[in-house]
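> need a 3D model of the sequence below.
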Amino acid sequence: MPDRASTLRRRNRITASLPALGLSALGIVFGDIGTSPLYTLKTVLSLAGDKPDPATILGALSLVIWTLVVVTSLKYVAFAMRIDNDGEGGILALMSLLGVKRRHRPAIVAVGLFGAALIYGDGAITPAISVLSALEGLDIATPSFAPYVLPGAVLILMALFVIQPLGTSRIGRAFGPIMALWFATIAVLGAWGIARHPSVLAALDPTRGLSYLFTGGAAGFLVLGGVFLCVTGAEALYADMGHFGKTPIRLAWSAVVFPSLVLNYAGQAALVLDGAPTSDNIFYRLCPPGLLVPLVVLATIATIVASQSIITGAFSMTRQAIQLGWLPRLPIVQTSEESYGQIYVGLVNWLLMIVTLGLTIGFAKSDNLAAAYGIAVSVTMLMTSGLLFIAMREVWHWSLPAAGAVAGAFVAVDSAFAAANLEKIADGGYVPLLLAGMVYGVMLVWHLGAQAVSARLQETVVPIDVFMARITRGRIPRVPGTGVFLTRTQHDAPPVMVWHLKHNRALHDKLFVLTVVIDSVPWISDDERLKVEEIAPHFWRATARYGFMERPDIPAVLAKAHVSGCAVDLEDVTYYVAHETVVPREDGKGLPRWVEALFALMQRNSVHVSDYFKLPRDAVVEIGREISV
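Next up, the predicted model:
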């Protein structure tokens, strides 16, 4: 039976045209980086001083433009997007490719997981800073609106998180056209600003930025922390590659997003060269007064789109981490039959809402949030560069000098940004780092607990030949129907079957032992999904493989086995699963007590195995057992 998710994914890739995919990518992929002109240049120039001189303005603009070129166009679009894990991108997919799929490397896995955790940390800040920056334009239009900016941002953000359970498939169709209008608008505004002071185009010379960087002393170096804000959404280009493919994202970036961003940043700098103040939002100074309110409305909508992309990305990354065994099973709701990426994870949604609203209220202004923004993503990008070096050597088979030169340049740039961002820790940068540390801690505890449980189970397994001999010798009665036993073991008799036999002293006429394996690839083709072996008359052992972007469906697997010749009785199936209760070991050889307690808490609150594997509730038998770890 074809897997519905993979079928839809292939169908969408084939039927969707390149322009349509490019338009969709504008709405999903580029929301974060596309709304960065609202706050980036303002933050950079505020770090440079109250009244920046022309050399400072042109130097700062040059750094912004060439950061977009080096980090986004070269590192991500030209290089990173060429390295994929069966079409999927992002630091988790890259980690799976290099640290699990090709060989087992705990250090690479740890780096990839911590990089993913860091994205959660900055993901909570993105909606807050984006919506606040958009609404702050009301200060320029009508100063009397100033007291309502913060309450308005809180209401908008709260509404955004509250509607997530409803699904966003319909709204999502409008994201592309909205962002296309946004990029066209900021490009026109930027061109108007450049026309007022064309000399700003001198910033296209990279030596302007380098000169300012190396002659500005400590202040010039710390400006990099603000410059980095222009590429905080660049990681999304790589992470969302599996949804749209490489070509549509590259097309949208090169033809629309990059030119629009450069024009707008240059237009803002031109106004400052012309004498515009830097104390308020420079972005809105580009707009004619009569159109300011409509621009604020458009900017607010664009930041909502950007925030939605962050939330959706958090849901998708959570599902990947669950499938890879680094997070407990959480309830995942598919909100659209048309798109596998349209999901809702309630716990992640509400936790993100609490943190985002807390940051919005606590920092109150986008300027304050900018001091905490970017530090986590800069470290993630540095980790990605390190993984790219390994990929260049092992996937592309580049020589050490070639890989070292290219990846080394990316590492040098990312290291400079990360070092400059470290200055933000005292001003709120500790918030995303603290959040990332908590997420990584949860991942680590869950993985350690799962490994301990698996090791304890292996100590009590019964070889399959011994088990079969016991059935024959004991003349165990067989009852009509098919018994399906889910197990982690791939060779020995499943503990759940052993316990069932011990307590019930009978077995079904037909036995089907199934192990579900989540591979370190996003998708598994239908012909590789299932492997079945008959180890005795009417006794089959099967392995069902899934990618980390798929959700296991055991009844569908059983139907596929029946079609392929396995004589299971689909009309009379009973599923047997183990209900494990984790308790501490008393011999002093187990996990630390706090790790065991945390793992046990997560396990008790994880999604029931029946729901995770889509088992019919009226055909499931649970067998309880205690596991000491």
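> what's the burial count for the residue lying closest to residue 272 once chain neighbours are set aside?
Nearest non-adjacent residue to residue 272, counting by Cβ to Cβ, 6 or more residues apart in numbering: residue 57, 5.3 Å away. Using the backbone N, CA and C atoms, a C-beta is placed for each residue, glycine as well. Applying other Cβ atoms under 10 Å, we find 26 residues neighbouring residue 57.
> OK, contacts around residue 57?
Residues counted as contacts of residue 57 (Cβ atoms under 8 Å, 6 or more residues apart in numbering) are 45, 200, 269, 272-273.
> recalculate using a threshold of 7 Å.
269, 272-273 (Cβ atoms under 7 Å, 6 or more residues apart in numbering).
> now the helices for the stretch 351-500 of the chain?
Using DSSP state H, counting those that start in this stretch, the helices assigned to the stretch 351-500 of the chain run over residues 366-370, 375-394, 400-421, 430-458, 464-473, 495-504.
> could you provide those helices in JSON lines, with additional columns for mean neighbour count and mean pLDDT?
Shown next, in JSON lines, are the helices of the stretch 351-500 of the chain (neighbours: other Cβ atoms under 10 Å; pLDDT from 0 to 100):
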{"stretch": "helix 366-370", "mean neighbour count": "22", "mean pLDDT": "79"}
{"stretch": "helix 375-394", "mean neighbour count": "23", "mean pLDDT": "88"}
{"stretch": "helix 400-421", "mean neighbour count": "17", "mean pLDDT": "92"}
{"stretch": "helix 430-458", "mean neighbour count": "18", "mean pLDDT": "86"}
{"stretch": "helix 464-473", "mean neighbour count": "13", "mean pLDDT": "79"}
{"stretch": "helix 495-504", "mean neighbour count": "17", "mean pLDDT": "81"}
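> so which of the ones you listed is nearest residue 97?
Residue 97 lies closest to helix 375-394 among the helices of the stretch 351-500 of the chain, at 7.4 Å (Cβ to Cβ).
> buried subset of the contacts of residue 57, written for ChimeraX?
Applying 16 or more other Cβ atoms under 10 Å to those leaves a buried subset, and the ChimeraX line that selects it is:
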select :269,272,273
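> now, which of the contacts of residue 57 sits nearest residue 629?
For those, the nearest to residue 629 is residue 269 (59.0 Å; Cβ to Cβ).
> what's whichever strand or helix holds that closest one packed up against?
Residue 269 is part of helix 258-273, with elements assigned from DSSP states H and E. Packing partners of helix 258-273 (3 or more Cβ pairs under 7 Å, 6 or more residues apart in numbering; DSSP states H and E): helix 40-48, helix 54-67, helix 169-196, helix 282-285.
> could you redo the last one with a cut-off of 10 Å?
helix 31-34, helix 40-48, helix 54-67, helix 169-196, helix 282-285 (3 or more Cβ pairs under 10 Å, 6 or more residues apart in numbering; DSSP states H and E).
> want to throw those into a markdown table with distance to residue 490 and mean pLDDT?
Listed next are the helices and strands packed on helix 258-273 as a markdown table, based on distance: least, Cβ to Cβ, whole Å; pLDDT from 0 to 100:
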| stretch | distance to residue 490 | mean pLDDT |
| --- | --- | --- |
| helix 31-34 | 42 | 87 |
| helix 40-48 | 52 | 84 |
| helix 54-67 | 49 | 93 |
| helix 169-196 | 38 | 86 |
| helix 282-285 | 58 | 88 |
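> that older thread, buried residues in the helix holding residue 269, which are they?
258, 260-273.
> so, low pLDDT: which residues of the stretch 101-250 of the chain?
For the stretch 101-250 of the chain, residues meeting the criterion pLDDT under 70 lie at 101-104, 141, 167-173, 242-243.
> switch to 80 and redo it
101-107, 119, 121-123, 138-146, 166-174, 216-220, 236, 239-245 (pLDDT under 80).
> convert the C-alpha atoms of stretch 430-447 to CSV, please.
Provided in CSV are the C-alpha atoms of stretch 430-447 (Å, rounded to 0.1, in the frame of the first residue of the first chain):
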residue,chain,number,x,y,z
TYR,A,430,21.2,34.6,27.9
VAL,A,431,17.5,34.0,27.3
PRO,A,432,17.7,32.1,24.0
LEU,A,433,20.8,30.3,25.3
LEU,A,434,18.9,29.3,28.4
LEU,A,435,16.0,28.1,26.4
ALA,A,436,18.3,26.1,24.1
GLY,A,437,20.0,24.5,27.1
MET,A,438,16.7,23.4,28.5
VAL,A,439,15.6,21.9,25.2
TYR,A,440,18.9,20.1,24.7
GLY,A,441,18.7,18.8,28.3
VAL,A,442,15.3,17.3,27.6
MET,A,443,16.7,15.7,24.4
LEU,A,444,19.7,14.2,26.3
VAL,A,445,17.7,12.9,29.2
TRP,A,446,15.2,11.2,26.9
HIS,A,447,17.9,9.6,24.8
